[in-house]
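J.: can you look at this prediction? I've put the sequence above it.
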Amino acid sequence: MFYELAVSTWGREEFDAIQKVIASNRLTIGPHVAAFEEAFAAYHGRKYAVMVNSGSSANLVSVAALFYKKERPLVRGDEVIVPAISWATTYHPLQQYGLKLKIVDIDLQTINMDCRQLEAAMGPHTRAIVGVSILGNPAALDVMRRFADERGLYFLEDNCESMDAELAGRKAGTFGHISTFSTFFSHHISTMEGGLVTTDDRELFELVKSMRAHGWIRDLPSDSSIFEKRDDDFYEAYRFILPGYNVRPIELSGAIGIEQLKKLPLMTAERRKNWKLFQSLFDGDNRFIIQQENGKSSAFSFTIILNPEAKLSRAKIMQALKQADIGYRIITGGCITRHDVIRHYDYACVDDLPNANVAHDQGFFVGNHPFDLRPQIERLREVLDTAAR
Ligand SMILES: Cc1ncc(COP(=O)(O)O)c(C=O)c1O
């Protein structure tokens, strides 16, 4: 394809790492996953990182952990504020744990939650905010965290789309009480499938570790803060303290993660160069609304929303992209209330979500990869310009 939506970022290093793990014959979770977790936490300046088998699982165990905190746990029926646009599994664990969603519209320029509506979203049962940075562009994470702190809310940061983005000198994924990442194939770094949870809170770290592995105590330190060790090795070896899952990653994923993380700064720099070119070619053309950077985007892809005032047909534009062999897709998962699954949710919206609906109906994104995409981006510009005339 001339301009792919997603490409592999692996080189020899990743394949060599795979071979080494296979030769070691230790394929289940072990030292490579632990080393990746340590490196990932250090890269983000976080105390703890826990790897799981996907970003979706990272969200699941994070929500679960908040239900088992000793003090002020979430309880069923609590309300949580969420943006209208994100991926389906940002929301599903909230539904599965009996939380009520309060859905807030996005800002059409950043495609992130419109924080001016936070006050209107607050109610007597609000206990948490989920902040999502869409496609590499940091949401107003500082505003959300401050808002949460002032009201005693938990701030869960779904950073599955914005690894290595920065806001106010801090990496996205460090603003939440608990933050999640995805290392799925098409994301900033890839371990095939994979995800991570980061936190500075020891209790949350231990809860997530236990949740990841059957609710077991096996991976917890002997001076754990979430259980008291007993003097009976036989029963201690198979002691379960939480209703957990098995969402452990395998060693191969940890070994690949170590190599990919080393490459991340360079890959982000390349993506940012492409982003500058994309911006320079599209800025000021009012037919297209492109994502406005908040802080420093790690520019995972380029979003384009057809300005409703320009009255363009997305179908016609997509036809032109298809003919030009340019890959495209809906922005993240589109507006959550437009999906059939919403009938299974307990939810309310602050308003009619006009911006999220425009993004759903008139938006799309194309890929941004960690190498020079000048020919692809210039062609994209030409194709869109012609199709929009
Ligand atoms: C915002 C967001 N959250 C969660 C996920 C889930 O990550 P995974 O695909 O690794 O399960 C994604 C995936 O794209 C995402 O975009």
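T.: Sure, I can see it.
J.: contacting residues for the residue in the stretch 1-150 of the chain positioned nearest to the ligand?
T.: In the stretch 1-150 of the chain, no residue comes nearer to the ligand than residue 55, which is 2.5 Å away by C-beta to the nearest ligand atom. Just so you know, the C-beta spots here come from the backbone N, C-alpha and C atoms, and that holds for glycine as well. Taking C-beta atoms under 8 Å, 6 or more residues apart in numbering, we find residue 55 in contact with 87, 89, 158, 160, 180-184, 187, 194-195.
J.: can you list the residues of the protein near the ligand?
T.: The chain comes close to the ligand at residues 54-56, 59, 86-87, 89-90, 132, 158, 160-161, 182, 184, 195, 332, as judged by C-beta under 6 Å from any ligand atom.
J.: correct me if wrong: residue 56 contacts residue 194.
T.: No: counting by C-beta atoms under 8 Å, residue 56 does not reach residue 194; the two are 10.7 Å apart.
J.: dihedrals phi and psi, the residue nearest to residue 312 when sequence neighbours are not counted?
T.: The shortest distance from residue 312 to any non-neighbouring residue, by C-beta to C-beta, 6 or more residues apart in numbering, is to residue 306 (4.4 Å). Phi and psi for residue 306, reported as degrees, to the nearest 10, are phi -70, psi 120.
J.: and residue 306, how far is that from residue 158?
T.: 27 Å (C-beta to C-beta, to the nearest Å).
J.: these two - which one has more neighbours?
T.: Legend: neighbour count by other C-beta atoms under 10 Å for residue 306 and residue 158, higher for residue 158 (30 against 22).
J.: ok, what's across the strand from that one?
T.: Applying DSSP bridges to residue 158 gives these bridge partners: residue 132, residue 180.
J.: from the stretch 251-389 of the chain, which residue is nearest to the ligand?
T.: Of all residues in the stretch 251-389 of the chain, residue 332 sits closest to the ligand, at 5.6 Å by C-beta to the nearest ligand atom.
J.: max-length helix in the protein?
T.: Ordering each helix of the chain by length in residues (DSSP state H) puts helix 251-282 first.
J.: and that helix, what other elements does it pack with?
T.: helix 12-24, helix 31-44, strand 48-52, strand 288-290, strand 301-306, helix 374-387 (3 or more C-beta pairs under 8 Å, 6 or more residues apart in numbering; DSSP states H and E).
J.: just the angle between the first one and helix 31-44, please?
T.: For the pair helix 12-24 and helix 31-44, the angle between their directions (axes from the mean of the first three to the mean of the last three C-alpha atoms, to 10 degrees) equals 150 degrees.
J.: now the angle from helix 12-24 to helix 251-282?
T.: Using the same axes, to 10 degrees: helix 12-24 against helix 251-282 is 170 degrees.
J.: in helix 12-24, which residues are buried?
T.: With burial defined by 16 or more other C-beta atoms under 10 Å, the residues of helix 12-24 counted as buried are 14, 17-18, 21.
J.: same deal with the third one?
T.: Along strand 48-52, the positions that meet the burial threshold by neighbour count (16+ other C-beta under 10 Å) are 48-52.
J.: from residue 196, how far out is the residue most central in space within the chain?
T.: Geometric centre of the chain, nearest residue: residue 160, 1.5 Å, by C-alpha atoms, centre = their mean. For residue 160, the distance to residue 196 equals 10 Å [C-beta to C-beta].
J.: what residues do the two have in common as contacts?
T.: Common contacts of residue 160 and residue 196 (C-beta under 8 Å, 6+ apart): 58, 180-181.
J.: same list (those) but as CSV, adding neighbour count and pLDDT.
T.: Shown next, in CSV, are these (neighbours: other C-beta atoms under 10 Å; pLDDT from 0 to 100):
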residue, neighbour count, pLDDT
58, 32, 99
180, 32, 99
181, 30, 99
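J.: and stretch 189-205, how far apart are its ends?
T.: 23 Å (C-alpha to C-alpha, to the nearest Å).
J.: ok, stretch 358-369 next?
T.: Using C-alpha to C-alpha, the two ends of stretch 358-369 sit 26 Å apart.
J.: for that stretch, what does the pLDDT average out to?
T.: For stretch 358-369, mean pLDDT rounds to 98.
J.: how about that stretch: buried residues?
T.: Across stretch 358-369, burial judged by 16+ other C-beta under 10 Å covers 358-360, 362-369.
J.: check stretch 144-156 too.
T.: 144-145, 147-148, 153-156.
J.: and for stretch 72-79?
T.: With the criterion 16+ other C-beta under 10 Å, stretch 72-79 contains buried residues 74, 78-79.
J.: tell me where this structure has helices.
T.: Using DSSP H, the helices found in the chain span residues 12-24, 31-44, 55-67, 88-96, 118-121, 141-151, 202-212, 233-236, 251-282, 314-323, 354-362, 374-387.
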